[in-house]
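Peer 1: Sequence below, structure please.
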Amino acid sequence: MASETATSTDTRTATEITFWQAGLVGGIGGGLIFGVMMTTQMGMIIEMAIPGMYGLGPSLAIGWAIHMFHSAVLGVVFAFIANATGLGERLDSAPAIAGVGLIYGIVLWIILASFVMPAWVGAMTEMAPPVPDWNTQSLMGHAVYGVVAGAIYAVLVR
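Peer 2: Residues are numbered from 1 along each chain as shown. Just a heads-up that it's a prediction; the model follows:
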């Protein structure tokens, strides 16, 4: 005589997002918003300075492509830092993680935008930005980038 045994199976259809993928998407989201801000408020930076860092001539499209690449990479760096420090376990809300993103964006502005980028642009082009370059519009853009990247990361890793 045969007997039947019920076996449960997992039928989830959603794909789980890893922490680094959440950082990648967060970086892209933050980069899009920051890119729009930069294009409308600091067009010369995205059109001339960013391509110039790589020895390229003025191009809004190339500036956008490089900016988005940087944004994605820095979003993944945020995710690795957040994962390594246990940020997701210690902070239980998206606004709290977005606040950490704000701090991250400000740190990026201090190190990368105020020191590294102007020195790099000055070395690669005929432009001579001051080092450090304390541009408040850039500070606002990096702060917004960090908040958006952190918020998207927080939503996706939950």
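
Peer 1: drop to CA atoms for contacts and neighbour counts, all remaining ones
Peer 2: OK.

Peer 1: For F34, what is the enclosing helix or strand?
Peer 2: In this assignment (DSSP states H and E), F34 forms part of helix 19-41.

Peer 1: got a list of what the residue nearest the centre of the chain touches?
Peer 2: Nearest residue to the geometric centre of the chain (CA atoms, centre = their mean): G27, 2.9 Å. G27 makes contact with 71-76, 145, 148-149 under the criterion CA atoms under 8 Å, 6 or more residues apart in numbering.

Peer 1: List the contacts of stretch 142-157.
Peer 2: 17-19, 22-23, 25-31, 33-34, 75, 79, 88, 93-95, 97-106, 108-109.

Peer 1: Give me the angle between the longest helix belonging to the chain and helix 19-41.
Peer 2: As assigned by DSSP state H, the longest helix anywhere in the chain is helix 60-85. Helix 60-85 and helix 19-41 are oriented at 140 degrees to each other (axes from the mean of the first three to the mean of the last three CA atoms, to 10 degrees).
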